[in-house]
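>>> What would the 3D arrangement of this be:
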Amino acid sequence: MTPRHLQFGRYRFPMAGEKFRPLVMGILNVTPDSFSDGGEFHSLDMAFSHAEQMIADGVDIIDIGGESSRPGAPPLPLDEELKRVMPVLYALRDCGKPLSIDTYKPEVMREAILAGADMINDINGFRSADALHAVKDSDCALCIMHMQRDPATMQIAPQYQDVTREVIAFLHGRVRAMEHEGIGRDRICIDPGFGFGKTLEHNLALLKNIGLLQQELELPLLAGLSRKSAIGAITGKPVEQRLAGSLAASLAAVAHGAQIVRVHDVAETVDALKVWQAAV
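Below you'll find the predicted structure:
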């Protein structure tokens, strides 16, 4: 059974029942080269201002990322990632919202947890034993994402026999590894990794099968489709014109059962979800 609550460090959100509503995770990229908003919030002042605006717009969780994971992105040195994300985390830790750190580096995880992070969002799915050891004794929420290969190579002809079943098998394995380390299921959510080593057809299959992923894994699901290339492939629009498509994707994800949507456009997504929830 899917946990009725998800523990986010200092916070706890319902994942089922009368008080449940889909959560909006706002993206705060402090990178010069992210695919959509690279360089926009690279300074501490700009990052803090954008976070304040997301809070005013109704965000539930703020996801801070210091390393671009766009297709073809090279790895970022550890020192540079720490230099980008830690000042932002310190500046925002008393903002009243859970703070997530988007990283696969165990050293960043440890520093972020000590600084008060409420969630670790790992595109590598905590495949590293060091990553599991870094997070197991905290009370952070942990998001396990599926990715085929790595950002530098993931979009070079991705192939699956059955993308949904293969993603489920991967996530099952990572959940078992977390449980083996004593991590409670009330701290775990899953992310099928839209756009991370997937073609348009793979992404659409996973979107349609969100319910199956949850049925098999019995965990809250996070969907991150905002402004991604799949939206562009369907609509024919460039990144800066993908708002409508991104809203439709978020609504489709929650209609299929996603509990959390990770987005760039917080205000618009919050409004769209309010209308959707009032009508269901």
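
>>> Chain neighbours aside, what residue packs nearest to residue 112?
residue 101 (4.2 Å; C-beta to C-beta, 6 or more residues apart in numbering). The C-beta positions use only the backbone N, C-alpha and C, and glycine is treated the same way.

>>> tell me, how many neighbours does the one you found end up with?
Neighbour count of residue 101, defined by other C-beta atoms under 10 Å: 28.

>>> give me the element it is part of.
Using DSSP states H and E, residue 101 sits in strand 99-102.

>>> Output the contacting helices and strands for the very next helix or strand once past that strand.
Next helix or strand after strand 99-102 toward the C-terminus (DSSP H and E): helix 106-115. Secondary structure elements in contact with helix 106-115, counted by 3 or more C-beta pairs under 8 Å, 6 or more residues apart in numbering; DSSP states H and E, are helix 78-92, strand 99-102, strand 119-122, helix 129-135.

>>> Kindly spell out which helices and strands sit in contact with the last one.
Helix 129-135 sits against helix 106-115, with contacts defined as 3+ C-beta pairs under 8 Å, 6+ apart.

>>> What residues sit buried inside the helix it packs on?
Using 16 or more other C-beta atoms under 10 Å as the test for burial, helix 106-115 gives 106, 108, 109, 110, 111, 112, 113.

>>> Run through the strands of the chain in chain order.
5-8, 11-14, 23-29, 61-65, 99-102, 119-122, 141-145, 188-191, 222-223, 260-263 (DSSP state E).

>>> and the helices and strands packed on helix 106-115 as a markdown table, adding mean pLDDT?
Output for these, formatted as a markdown table (pLDDT from 0 to 100):
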| stretch | mean pLDDT |
| --- | --- |
| helix 78-92 | 95 |
| strand 99-102 | 98 |
| strand 119-122 | 97 |
| helix 129-135 | 97 |
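
>>> so which of these gets nearest residue 204?
Closest approach to residue 204 among the helices and strands packed on helix 106-115 (C-beta to C-beta): strand 119-122, 23.2 Å.

>>> what does that closest one rub up against?
For strand 119-122, contacts defined as C-beta atoms under 8 Å, 6 or more residues apart in numbering pick out 8-9, 61, 63, 98-104, 109, 112-113, 131, 135, 140-145, 191.

>>> Direction included, what does that strand pair against?
When pairing is defined by DSSP bridges, strand 119-122 lines up against strand 99-102 (parallel), strand 141-145 (parallel).
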